[in-house]
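>>> Whatever this is, show me its structure:
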Amino acid sequence: MALQDYQTALVTGASSGIGAATVRLLAARGLSVHALARRRDRLAELEDAGDVTIHAVDIRDRDALYETLGKIEVDILVNSAGVGSRFDAFHELDPDNIDATLETNIFGTIHAARAVSPGMVARGRGHIVNIGSIFGLHAIGAAVYGASKGAVHVLSQDLRHDLKGTGIRVTEVSPGRAATEIFATMTDDPAAQSAMAEGFEIITAQDVAEAVIWALDQPWRVNISLIELTSTEQVPGGVGIHPVAGRSSHD
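Numbers count the residues shown, from 1 in each chain. Down below sits the predicted model:
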């Protein structure tokens, strides 16, 4: 079941970055797209992309999420909502920041999939795409963020078992360093934010969104389980310099 066989899509984290780029590409392919995120003003910028309906919902608000998603039919779910944990030393992390990272990246992803999957099962078609990270595949040096994206990785793998026989495909797209707003959630230091985007040409949100579209556009017999997407000069596992306080870390 290629992209042309689907009618509707839901993208979380749609107000910026990978989510917004994915909304625009899906709408350009003629799908009816539901764009969900917290910031209504940013979501409104997507209404000119085509058949786009916006939903200003915090993905951490479980009741609001289920109420909203229970009213729409979804063939494609792109779980793009995510935040980065602070690039502080682990023993100095704010517990509230830990909770926000886990609630958004893990609970939000799981509940969005749980909310739309019954309809997919009933219709015998659907595709769930979870945006992971190379932090979830390699030990790079941000324990809480890595743990949250590691959970997304295992979730994606196990969903294929849980949904076997339903006609639903599951894909994980795990990008490396990408030009999105996530750097601002990791540090308040503008110099450190800039350092995250320097040293080599990093991938863009559009690059990641196009990988999502490619996975969605395969024939039904093909499931793209995992895409690891990095810049040409970014090789996970090499030792580099952490952008905060000069600490050594893996890149």
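>>> looking at it, residue 133 is touching residue 173, isn't it?
No - with contact defined as Cβ atoms under 8 Å, residue 133 does not count as touching residue 173 (9.4 Å). Just so you know, the C-beta spots here come from the backbone N, C-alpha and C atoms, and that holds for glycine as well.
>>> and the closest residue to residue 38 other than its chain neighbours, which of the three is it?
Nearest-residue entry for residue 38: residue 58, 4.8 Å, with adjacent residues in sequence omitted and distances by Cβ to Cβ, 6 or more residues apart in numbering. When states are read from DSSP: H, G, I helix; E, B strand; the rest coil, the local structure at residue 58 comes out as coil.
>>> quick one: residue 58 and residue 37, what's the gap?
Distance, residue 58 to residue 37, using Cβ to Cβ, to the nearest Å: 9 Å.
>>> more crowded one of the two?
For the pair residue 58 and residue 37, the greater number of neighbours falls to residue 37 (25 against 16), based on other Cβ atoms under 10 Å.
>>> and the residue nearest to the more buried one when sequence neighbours are not counted, what pLDDT?
Setting aside the residues directly before and after it, residue 37 is nearest to residue 15 in space (Cβ to Cβ, 6+ apart), at 3.7 Å. Each residue has a pLDDT score; the one for residue 15 is 93.
>>> Who are the contact partners of residue 57?
36-38, 64-65, 68 (Cβ atoms under 8 Å, 6 or more residues apart in numbering).
>>> Weed out the non-buried ones from those residues.
The neighbour-count criterion (16 or more other Cβ atoms under 10 Å) marks 36-38, 65, 68 among the contacts of residue 57 as buried.
>>> Please flag which of the residues you listed sit within strands.
Among those, the subset assigned to strands under DSSP state E consists of 36-37.
>>> ok, of the buried ones among the contacts of residue 57, which one's closest to residue 104?
Checking the buried ones among the contacts of residue 57 against residue 104 with Cβ to Cβ, the nearest one is residue 38 at 10.0 Å.
>>> Roughly how far does that closest one sit from residue 144?
Distance from residue 38 to residue 144, counting by Cβ to Cβ: 20 Å.
>>> hang on, the earlier thing: make a markdown table out of the contacts of residue 57 and add pLDDT and distance to residue 19.
Below are those laid out as a markdown table (pLDDT from 0 to 100; distance: Cβ to Cβ, whole Å):
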| residue | pLDDT | distance to residue 19 |
| --- | --- | --- |
| 36 | 97 | 9 |
| 37 | 96 | 7 |
| 38 | 93 | 11 |
| 64 | 97 | 18 |
| 65 | 97 | 15 |
| 68 | 96 | 16 |
